[in-house]
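[1] The sequence and its predicted three-dimensional model are supplied below.
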Amino acid sequence: MKRYLLLLLLLSQIQEIAAQQQDSISTGPLTLEECIQYALENSLTIKNSSIDENIAKARVKETRGIGLPQVDANLSVQHNVKLQRFYNRADVLGQFTGATIEDLPSDAIVAGSNPFQLKSTGIGTLTVSQILFNGSYLVGLRAANAYKDLSVKASRQTREEVIVQVTKAYYTALINNERMTLFDNNIGRVDSLLRTTRALHENGFAESIDVDRIRVTLNNLKTERENFNNLQVLSIELLKFQMNYPMDKDLELEGDINSIAIPESSAAYDAEWDYSNRADYQVLMANRKMQMLNVKNNYAAGLPSLVAQYNYGYFTQSPDLAGVFRTETPSSSSFNNMLGPDKWYSYSNFSVSLAIPIFSGLQRSYKVQQAKLELKKVENNLNSLKSGIDLEIKQSKTIYDNSLKTLVSQRENLELAENVARVTKIKYEEGVGSNIEVIDAESALKETQINYYNALYDALVAKVDLDKAYGKLNNLSSETK
C-alpha cells in the first residue's frame, strides 16, 4: 500500500513538472522581443555561458578561501612487526637494557633492541595554519575577480550573438509570411483574370490561346507558392533552432514586417560612440587585465611569504595494537599509570615560518619576460580589434545607407508596378488592351514584389549588423537577460 501511494505521489509530481514546462511554452503568436526573451532563457549556448559565470564565481570564493585559516586533522596508527635496532656504545646499551656484553670494549658500537619504543604507535593531530603574507595570494585574489569579470563579458557577447541570430531568423520568417500573402493575392488576381478571359472566350471576344496563356501563369504561381511554402516551413524551423524552441511544437509569429521602424540614415549612430560599447572589445580588455595581473603575479613570486601554524595532538605507544585503541585517562596519583603503555598524552607547538626566495636560476626573471610578451600580444590584438571595428562600422554604414536607397527605389517601383497591373487589367476588361499586356504586367509586378521584399530584408539585416557594429545590441541583451 505504501509503495502504491509513493508511486502515485511520484506520478503527480512528474505531471506537475511537465505541466509547468508546457506552460512555459507560449501557445500564442510571438513578437520579436518575445522570441529574443525566450532564446535568452532557453538557449543552450547561453546556459553554458551562465554556467561559466557560476564557475568563475566559485573560483573567486575558492581563491579567497586560501587566505582563510586552514584546519586539518590526522589520525595514524602504526604497528612495527619488527622494530629497528638501536645503535649505541656497548656500555650505554648495557646500561639501558641491563644486558651484559662481554668480550667487547666499552666504546664499541653495537646494535640492540630499542628500549624507548614499543611496537604499536598512535598519533592524532590537529593543525591550524594561516597565511600572514603572500604576494601571489594577494594578486591571485585580484586575478580571480578579473576572471569572473571576463566570464561575465564573454557571456554578454554570447547573448549578443544569440540576439543577432534570432533577429535575422525572425525577419526571414516574417518576410516569408508577407510573401506568402502576396502569392495568395497574385493567384487571386490571375484566377479572376482567367475567369474573365474564359467568359470573353465563350462570348467570342477572346481566343483560346489567351485562356491558355493565363492558365500557364496561374499554374506557375501555384507551383511557386507550394515551393515557397516549404521554404517558409524551413525558416520557422531555423528560428526554432536559434531559440532552442521545441521542434515538435508549432510556432506562430506576430508582427508586420512593413511596420518595423528603420532609421532614415546611419548618421545618428555616431553620437556617444565608444569602443567599450562592443562586447568583443570588453572581452579583450578583460583579457588584458588578466595578463597584467599575470605579470604582477610573477613579480610577487619573488616576495617573502609568512605563514603561522599551530599543532595540537595526542601520542601513545603500546606493545600491541589493542593497547593503542584503549583510551584510559592517566591517573595523577600513580606515576607508573601515567607512564603506562595504554595512555594518550597531548602535545602542542606553534611556529611562524618565513620563506625568502633568493635565487631560482633566473626562472622568475624569464617568467616575467614571458608574461610581459604575452601582454604585448594582447595589446597588439586590442589595436587590431580597434582597426577592425572601425572598418566594420564603415562597411556597415555604407551597406545600410545603400540598402536604404535601394529600398526607397524598390518601394517606388512596387507602387508603379501595382498601378501598371491595375490599369492594364482595366484596359483589358474594357477591350482596349491585350491579355499579353496583362500577363507581362503581372510578371513584372511579381518580380517587383520579390525585389522589394529582398530590399526590405537587406535593410533590416543591415540595421542589425549596424546595431552590432556600434554595440547597440548590448542594451537589449542586458534588458532581456
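    Received, thanks.
[2] Helices of the stretch 301-450 of the chain, start to end?
    Counting by DSSP state H, counting those that start in this stretch, the stretch 301-450 of the chain has helices at residues 321-324, 335-338, 363-429, 435-469.
[3] Now these in JSON lines, please, with extra columns for distance to Glu226, mean pLDDT and mean neighbour count.
    C-beta: built from backbone N, CA, C; applies to glycine. Supplementary listing: these in JSON lines, determined by distance: least, CB to CB, whole Å; pLDDT from 0 to 100; neighbours: other CB atoms under 10 Å:
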{"stretch": "helix 321-324", "distance to Glu226": "88", "mean pLDDT": "75", "mean neighbour count": "16"}
{"stretch": "helix 335-338", "distance to Glu226": "102", "mean pLDDT": "41", "mean neighbour count": "11"}
{"stretch": "helix 363-429", "distance to Glu226": "23", "mean pLDDT": "93", "mean neighbour count": "15"}
{"stretch": "helix 435-469", "distance to Glu226": "15", "mean pLDDT": "91", "mean neighbour count": "20"}
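[4] Reformat those helices as a markdown table; add distance to Val352.
    Formatted as a markdown table, the helices of the stretch 301-450 of the chain follow (distance: least, CB to CB, whole Å):
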| stretch | distance to Val352 |
| --- | --- |
| helix 321-324 | 33 |
| helix 335-338 | 32 |
| helix 363-429 | 24 |
| helix 435-469 | 57 |
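[5] Out of those, which is closest to Glu62?
    With CB to CB as the criterion, Glu62 lies closest to helix 363-429 of the helices of the stretch 301-450 of the chain, at 22.4 Å.
[6] Packing partners of the closest one?
    The helices and strands touching helix 363-429, judged by 3 or more CB pairs under 8 Å, 6 or more residues apart in numbering; DSSP states H and E, are helix 135-202, helix 279-300, helix 435-469.
[7] Can you give the distance from it to the centre of its chain?
    On the basis of CA atoms, centre = their mean, to the nearest Å, helix 363-429 sits 26 Å off its chain's mean C-alpha point.
[8] Also compute the angle for it relative to helix 279-300, please.
    180 degrees (axes from the mean of the first three to the mean of the last three CA atoms, to 10 degrees).
[9] the inter-axis angle of helix 363-429 versus helix 135-202?
    10 degrees.
[10] between helix 363-429 and helix 435-469, what angle do the directions make?
    Using the same axes, to 10 degrees: helix 363-429 against helix 435-469 is 160 degrees.
[11] Ala39: which of the helices of the stretch 301-450 of the chain is closest?
    Of the helices of the stretch 301-450 of the chain, nearest to Ala39 by CB to CB is helix 435-469, at 14.3 Å.
[12] To Arg198, which of the helices of the stretch 301-450 of the chain lies closest?
    Per CB to CB, nearest to Arg198 of those: helix 435-469, 11.4 Å.
[13] packing partners for the closest one?
    By 3+ CB pairs under 8 Å, 6+ apart, helix 435-469 packs against helix 135-202, helix 208-243, helix 363-429.
[14] Output the lowest mean pLDDT helix or strand found in the protein.
    Ranked by mean pLDDT, DSSP states H and E, the weakest helix or strand in the chain is helix 335-338, scoring a mean of 41.
[15] And Asp91, how far from Ile109?
    11 Å (CB to CB, to the nearest Å).
[16] hang on, I meant Ile439
    Ile439 is 123 Å from Ile109, by CB to CB.
[17] Tell me where the protein is predicted with low confidence.
    1-27, 88, 90, 92-104, 106-108, 110-115, 326-342, 474-481 (pLDDT under 70).
[18] how about a cut-off of 50?
    Scanning the chain for pLDDT under 50 picks out 1-7, 10, 14, 17-24, 330-341, 477-481.
[19] For Ala206, which three-state class applies?
    coil (DSSP: H, G, I helix; E, B strand; the rest coil).
[20] I figured it was touching Asn435, is that so?
    Yes: in this structure Ala206 lies within contact range of Asn435 using CB atoms under 8 Å: 7.0 Å.
[21] Now for the two: what residues contact both?
    Thr197 (CB atoms under 8 Å, 6 or more residues apart in numbering).
[22] Of all the helices and strands packed on helix 435-469, which one is nearest Phe315?
    Using CB to CB, the nearest of those to Phe315 is helix 135-202, at 33.0 Å.
[23] what's the closest one packed up against?
    Short answer (3+ CB pairs under 8 Å, 6+ apart): helix 135-202 packs on helix 32-42, helix 44-66, helix 208-243, helix 279-300, helix 363-429, helix 435-469, helix 473-479.
[24] thinking again about what came up before, of all the helices of the stretch 301-450 of the chain, which one is nearest Ile214?
    helix 435-469 (6.3 Å).
[25] by how many degrees do that closest one and helix 208-243 diverge?
    Using the same axes, to 10 degrees: helix 435-469 against helix 208-243 is 10 degrees.
[26] so how far is helix 435-469 off the chain centroid?
    The answer for helix 435-469 is 37 Å, by CA atoms, centre = their mean.
[27] Tell me the buried residues in stretch 188-208?
    Arg189, Val190, Leu193, Leu194, Thr196, Thr197, Arg198, Leu200, Ala206 (16 or more other CB atoms under 10 Å).
[28] before we move on, what about stretch 237-252?
    Leu238, Leu239, Lys240, Gln242, Met243, Asn244, Tyr245, Leu251.
[29] give the contact list for the fourth one.
    Same thing as Gln242. Ala39, Ser43, Val162, Gln165, Val166, Ala169.
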